[in-house]
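1. Return a 3D structure for these sequence lines:
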Amino acid sequence: MATSAKFPYQNHVWIVFLVCTFPCSMSLASFPFQNTSLPWQDRVDDLVSRLTMEEVVLQMSRGGAHANGPAPAIPRLGILPHQWNTECLRGDPQAGPATSFPQALGLAATFSTEVVHAVAEATSIEVRAKYNNYTQHQEYGDHTGISCFSPVINIMRHPLWGRNQETYGEDPYLSGRLAQSFVRGLQGDHPRYIRTNAGCKHFDVHGGPENIPSSRFSFDAKVSERDWHMTFLPQFQKCVEAGTYSIMCSYNSIRGVPACANKELLTDILRDTWGFHGYVVSDEGAVENIMVKHHYTKTFEETAAAAVNAGTNLDLTVSKLTNAYDHISKAVAGGLISNQTLTERVKPLFYTRMRLGEFDPPQMNPYSKLSVTDVVQSADHRELAVEVALKTFVLLKNNDSVLPLSGKVTSLAVIGPFADNLPALYGDYSPIPDPKFSSTPLQGLSGLAGKTQHGAGCKGSDPVCEDYDQQEVKMAVEGADLVVVCLGTGAGIESEGRDRADLSLPGKQLQLLKDAVSYASSKPVVLLLFNAGPLDISWAKDNDAVKAIVECFLPAQSTGEALRRMFLNENNANPAGRLPFTWPATMDQVPAMEDYTMDGRTYRYSTWDPLYPFGFGLSYAQFMYDYLHDHVLPTTIHPCDNVTAVVRVTNIGNVTGDEVVQFYLEWGSSSLPVPTRQLINFTRVNLKPNQEKFINVTITAREMAVYTDQWVVPAVGMTVFAGGQQPLQNTAIVSNVAYGTFTITGNTTPLKTCGHVGP
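-> Residues are numbered from 1 along each chain as shown. As a prediction, this is how the structure comes out:
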């Protein structure tokens, strides 16, 4: 909401910290910071004015995790502990029961701001309800709080990065739009209180490596100014515009300066240019790594000063023995940090807690009434998890329209290491799997057949699949009328701290697939993929015996039920997900992990033909686009002017389905460096057979701009494309792509002239 983006204490009142050597005789009720009729700024100023230096240090140094949290209570002021270390990526993980929604990369495949908002809202409701319960029992351990380290909006710049699954894909525009929806869904729309506070991470230029070929803890991302501004910053700016209360600075350095000690990043860009007034929290141990891993400083006092002065408010680390922020007092005494700067850094922490309702009577805050028994794994949330999982599925291949099934199957085989392996379907940063509310592919699909046979093929259903049981596959597949093969990676192969070495299917999984095709004896084979980063499935794409391929990502608790509905097209469960990344065909198309140039990377800059392009996805329905060619108006504009584009999309198929309408912009011949094309808008619509809908979008100077040494709007001809996919792709869906043109006349113009500071 708009108010959450405005922190009212921008006009600083500098505080001299008290050395309190006597008990406070004032009653708690008389403190002005507890007076709900006062402005937020006055309340924050009053609270901070009462803190001793020691108390300020403890509030800034106890961001978690483990023994280093929570931020301690201040009994003399009636202030309770506060746990900052909570994850809310797509459900409440590591904190007892919670509804588990599909992994973030799958959410990106929905191309739906509404879906992402609904997931964030449901997650936030459960997190707040559990917090209410925890605080009633005076529990303040890790993952019991309401300050979220979510969403993850780093760019999926490399297919082998271990944390791709946590992101919203490779496109800054898509990531930014989804991030805004997630932030608003977490924080809620109450005019006074936020339900939970969002924290966008990892800021910035953070997209691998984790561990191959070097460590994330010491990596220095050497990024060009243009790539930084055009690829790695825009989605964080959108997060700030949405009103996030927090940003997490990343482990890596940016051109030699650690992110958590980077004044250009945390002050010049984040605060001075974008107007952010929230708090910056370090990634776990990132402040200490300024000295220990990056060797940027020599002492903890210097380290604390570098981070605090750059703009890091809160130290998230694991050990009290090596906590750099415990040395803030010495840094202040040594003249390395001023009292004014320290005041500036601690205020956003307490402002956030005030907006969460901590210092107001509970009866004023409607979120304090949320109950675990009413909302955690509620029927509504469980159904939402199914519906969302359905919307994440990307149909990559569907020869002979093998899906949806036309009737009940006599004999079905469901095989592979993901066929009946519940934990592997969840991915990283997920709630704890609860079998009562979960279903695997085997469990979900078994009801489609009179007889179902199962064989993992990999010992213990281990996705690594080094110990392969060919005979088990043979016994399960032979005689089946339909064979469903469930392959992929899972968090044990790609996740935080784990990069992949190549695109190959792990272990003997490809052999398992080939054997399944052989034993199926010309009966249809459907391949289901459970992964994040793309895999080499060229054999399956080219082999006609593999009739269908579905990218399922990591759907979590609703996997089996969502698949069942999709296989039957039950209640119009027609897959319409689109790939949020470019899928390389071979390792020859995969650049070096440590090379941070965007040249040749993602659909915006690549020149090679991928296995599947960004934005690709099939449907049981078919759509047609028209009207756009003569409805991009005006056809000639000056820089800073807007253009309106209108396209008509019609369902010309025989089943109802969702369609993801994608708008792309291409720059004409220009001396300026520009992307090949750029996604500038998208919407997901549901259309019945023969139903049509007009989609109207406004293209502003922000979408037309490119970065040189500043954001500029070039004077060039522009082409607008609209369709269910990118234009001009060799691997394409059957629907067409419409286009229209307009021309920007005059001279190349700085974007700031148009009243904007960035895209």
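2. Pull up the distance across stretch 233-246, start to finish.
-> This stretch, stretch 233-246, spans 15 Å end to end (Cα to Cα, to the nearest Å).
3. My error: substitute stretch 560-578 in the last question.
-> End-to-end distance of stretch 560-578: 20 Å, with Cα to Cα as the criterion.
4. Could you give me the buried positions within that stretch?
-> Residues of stretch 560-578 classed as buried: 560-569, 573-578 (neighbour count, 16 or more other Cβ atoms under 10 Å). C-beta: built from backbone N, CA, C; applies to glycine.
5. All the strands of the stretch 1-150 of the chain, in order from the start?
-> Remark: no strands are assigned in the stretch 1-150 of the chain by DSSP state E, counting those that start in this stretch.
6. which helix of the protein spans the most residues?
-> Criterion DSSP state H: the longest helix present in the chain is helix 113-136.
7. And the next helix or strand past it?
-> The C-terminal neighbour of helix 113-136 among helices and strands, as given by DSSP states H and E, is helix 172-187.
8. Let me see the mean pLDDT of that next one.
-> The average pLDDT within helix 172-187 is 98.
9. Show me where the stretch 201-350 of the chain dips below the pLDDT cut-off.
-> For the stretch 201-350 of the chain, no stretch has pLDDT under 70.
10. Show me the shaky parts of the stretch 1-150 of the chain.
-> For the stretch 1-150 of the chain, the stretches with pLDDT under 70 are 1-29.
11. Helices along that one, start to end?
-> 40-49, 53-61, 104-109, 113-136 (DSSP state H, counting those that start in this stretch).
12. Also the stretch 651-759 of the chain?
-> Counting by DSSP H, counting those that start in this stretch, the stretch 651-759 of the chain has helices at residues 701-704.
13. Could I get the full set of strands for it?
-> According to DSSP E, counting those that start in this stretch, the strands that the stretch 651-759 of the chain contains are 657-667, 678-687, 692-699, 706-707, 711-713, 717-723, 737-744, 749-750.
14. The stretch 301-450 of the chain now?
-> Ranges of strands within the stretch 301-450 of the chain are 394-398, 409-415, 449-455, based on DSSP E, counting those that start in this stretch.
15. for the first one, what is the average pLDDT?
-> Looking at strand 394-398 alone, the average pLDDT works out to 98.
16. Just the CA trace of that strand, in PDB.
-> The C-alpha coordinates for strand 394-398 follow below in PDB (Å, rounded to 0.1, in the frame of the first residue of the first chain):
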ATOM      1  CA  VAL A 394       4.200 -25.500 -18.500                       C
ATOM      2  CA  LEU A 395       3.200 -27.900 -21.300                       C
ATOM      3  CA  LEU A 396       6.300 -28.200 -23.400                       C
ATOM      4  CA  LYS A 397       5.200 -31.000 -25.800                       C
ATOM      5  CA  ASN A 398       1.800 -32.600 -26.500                       C
END
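17. so how far is that strand off the chain centroid?
-> On the basis of Cα atoms, centre = their mean, to the nearest Å, strand 394-398 sits 23 Å off its chain's mean C-alpha point.
18. Which elements pack onto that strand?
-> Strand 394-398 is packed against helix 538-542, strand 546-551, with contacts defined by 3 or more Cβ pairs under 8 Å, 6 or more residues apart in numbering; DSSP states H and E.
19. closest one to Pro610 among these?
-> Among the helices and strands packed on strand 394-398, helix 538-542 comes nearest to Pro610, with 11.0 Å by Cβ to Cβ.
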